[in-house]
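Participant: Sequence and predicted structure below; questions after.
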Amino acid sequence: MEGNLFEILGRNLSQFWEYTGFANFDGNFGYILMIIIGLIFIYRAIKKDWEPMLLVPIGFGIIVGNIPFFPGLSIGVYEEGSVLNILYQGVIKGWYPPLIFLGIGAMTDFSALISNPKLLLIGAAAQFGIFGAYAIALLMGFSATDAGAIGIIGGADGPTAIFLSSRLAPNLMGAIAVSAYSYMALVPVIQPPIMKLFTNHKERLIRMKPPRAVSQTEKILFPIIGFLLTALIVPSGIPLLGMLFFGNLLKESGVTRRLAETARGPLIDVVTILIGLTVGASTQADKFLQITSVFIFLLGAFSFVIATTAGVLFVKFFNLFLKEGNKINPLIGNSGVSAVPDSARVSNNIGLQYDKTNYLLMHAMGPNVAGVIGSAVAAGILLAFLA
């Protein structure tokens, strides 16, 4: 009897060991590497305050997704029917990005853009990074759909990158999403050297006219007219553009305050948690640690650098046609990417380094919010001719 008891206990303990994460590492040190990367994300978010709302969920998700387990338990993000897999459907099917755009619209003030519409051109110029990276990716041997999904990283817009990659390259979504959010967090590190490289001292001191006051009627009409114009040109961008402008209408109408507060508060917070955690969990070492992921990160950085450079150089070029007193400070050219409001803050901070009384934040918010629209339009264009 005792022998049978010890034999049963031995089998139970052996079976228990087989189900532990330690036993299922199976010599794959990639899991350990990915867990370390997740910890670095969390450390940077907490210690350096680099996009903590994004990097903390993503970092912890990376740790969650790289705990090895016995196959068939229906707990992994790639195991059909598991809780993580069900939550991940919002990424795969593209449900989460439009909801985030709804919240962004409900918290965005387009006044700076409405008061100075030519700033929209800066947001458009910064999208050159997307198409530049797309061309380079094609030359490197990526398929057209993969190249389009990779190029969108240059817009510095995580939700747009997820939305487009879910349609064009779902197999690359983990690397694309993590890359996009990483570069969003690195805006204060990547952009300043580029801005200083392509501007001179005189240009950095340009003072712009204060933006004019925008009426409530203009604020209400803007999301309606903006949606009609962009959606008629790029109907494939309707899921993102529609939710962005709808959220803004909720904010500016003055009669749907509760809906606007829900969209820009609890709703966007919940979706951010889910998208960050599940995107992080999708970076399982056996699927994520491939040479393709390295190329995606390099192309993402290249795309982001091109976008920033294009925005700054476009302002310098545009100034050639503007009269003295109406010129634009090229330090706001970087804010044409869709990293709201971090890029605008970088514009303002660099400007204050050269003139402590020259506040560029309100001016930079114009191209910054234009970049949000621009990245959604660029995604729609790519989706239209690649899907």
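Facilitator: Alright, I've got the coordinates. Numbering: from 1, shown residues only.
Participant: give me every residue that touches R167.
Facilitator: Counting by C-beta atoms under 8 Å, 6 or more residues apart in numbering, R167 makes contact with 94, 383, 387. Where C-beta positions appear, they are placed from N, C-alpha and C, glycine not excepted.
Participant: Which pLDDT value goes with it?
Facilitator: pLDDT, R167: 89.
Participant: Repeat that for Y78.
Facilitator: 89.
Participant: just S338 next, same as before
Facilitator: pLDDT recorded at S338 is 81.
Participant: One more: the one 3 residues further on?
Facilitator: With respect to pLDDT, P341 has a value of 83.
Participant: re earlier: neighbour-wise, which of the contacts of R167 leads?
Facilitator: Neighbour counts for the contacts of R167, by other C-beta atoms under 10 Å, peak at L383, which reaches 23 neighbours.
Participant: give me the element that residue is part of.
Facilitator: helix 361-386 (DSSP states H and E).
Participant: buried set for that helix?
Facilitator: Buried residues in helix 361-386, counting neighbours by 16 or more other C-beta atoms under 10 Å, are found at 361-383, 386.
Participant: Tell me who's in contact with I328.
Facilitator: Shown in contact with I328 (C-beta under 8 Å, 6+ apart): 118-119, 122, 206, 208, 315, 318-319, 322, 363.
Participant: What about L320? Give its phi and psi, please.
Facilitator: phi -60, psi -20 (degrees, to the nearest 10).
Participant: Can you get me a residue count around it?
Facilitator: 7.
Participant: what's the spacing between it and L172?
Facilitator: For L320, the distance to L172 (C-beta to C-beta, to the nearest Å) stands at 40 Å.
Participant: per-residue confidence for F304?
Facilitator: On the pLDDT scale, F304 is placed at 87.
Participant: Three-state assignment for V77, please.
Facilitator: Following DSSP: H, G, I helix; E, B strand; the rest coil, we place V77 in the coil state.
Participant: quick one: low-confidence ranges for the chain?
Facilitator: The chain contains residues with pLDDT under 70 at 1-3, 27.
Participant: ok, now how distant is the residue sitting nearest the centre point of the chain from G237?
Facilitator: In the chain, the centroid-proximal residue (C-alpha atoms, centre = their mean) is G158; its distance is 1.9 Å. According to C-beta to C-beta, G158 and G237 sit 16 Å apart.
Participant: follow-up on the earlier one: which of the contacts of I328 fall within helices?
Facilitator: Judged by DSSP state H, the subset of those located in helices is 122, 315, 318-319, 363.
Participant: can I assume F297 is in contact with A177?
Facilitator: No: taking contacts as C-beta atoms under 8 Å, F297 lies outside contact range of A177: 11.8 Å.
Participant: Comparing these two, which residue is more hemmed in?
Facilitator: The neighbour count for F297 versus A177, taken as other C-beta under 10 Å, is higher for A177 (26 against 18).
Participant: Can you tell me the closest non-neighbouring residue to L138?
Facilitator: A147 (4.8 Å; C-beta to C-beta, 6 or more residues apart in numbering).
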